[in-house]
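A.B. asks: Got a predicted model here, sequence first, then my questions.
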Amino acid sequence: MDKEQFEHLIEEALAGLPKEFKRHLENITVMVEPEASRETVCSTGGGPFSTLLGLYHGVPFKDRGPYYGNIPPDVIVIYQNPIEKICRTNEEIKEKVREVVLHEIGHYFGLSEEELRDIQSPKHSHKK
């Protein structure tokens, strides 16, 4: 998949967010990179064989106070190559991009990995 098509999937995932979440997305940039550097993977606690699909850098929304302002935007990076490697079809890529974007938006709102795992567990799934 070319980068433009991949970016369109990210735009679709963001457009599909509920309004009550979208209205709080401010001072944030979402971008695509081919893959995370080994240093980036290690800095997140990943081991030598870890794969990183996305990463949030910034000040979580819940931690922003009156002092928050005049700072560079938070950044969400979605890593295209690892997502494509674990998916077999374009439909799987679309679903994985959506999942990763939602996961990183969860970090933007201040949710921990554990909280996000709980939300994404099968008991919370709407799929049948």
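C.D. replies: Alright, I've got the coordinates. Numbers count the residues shown, from 1 in each chain.
A.B. asks: need the contact list for the closest residue to Gly58 other than its chain neighbours.
C.D. replies: Leaving aside its sequence neighbours, Gly58 sits nearest to Asp74 (CB to CB, 6 or more residues apart in numbering; 2.6 Å). Where C-beta positions appear, they are placed from N, C-alpha and C, glycine not excepted. Contact analysis of Asp74 by CB atoms under 8 Å, 6 or more residues apart in numbering lists 27-29, 56-59, 108.
A.B. asks: quick one: contacts of whichever strand or helix holds Glu91?
C.D. replies: Element membership for Glu91, per DSSP states H and E: helix 90-108. Residues outside helix 90-108 that contact it (CB under 8 Å, 6+ apart): 1, 6, 9-10, 12-14, 16-17, 21, 25, 28, 30, 53-56, 58, 60-61, 74, 76, 78, 83-84, 86-87, 115-116, 119-120.
A.B. asks: neighbours of Val59, just the number please.
C.D. replies: 14 (other CB atoms under 10 Å).
A.B. asks: contacting residues for it?
C.D. replies: Contacts of Val59 (CB under 8 Å, 6+ apart): 68, 71, 74.
A.B. asks: hey, where'd the helices end up in this structure?
C.D. replies: 3-15, 19-22, 38-43, 80-86, 90-108, 113-120 (DSSP state H).
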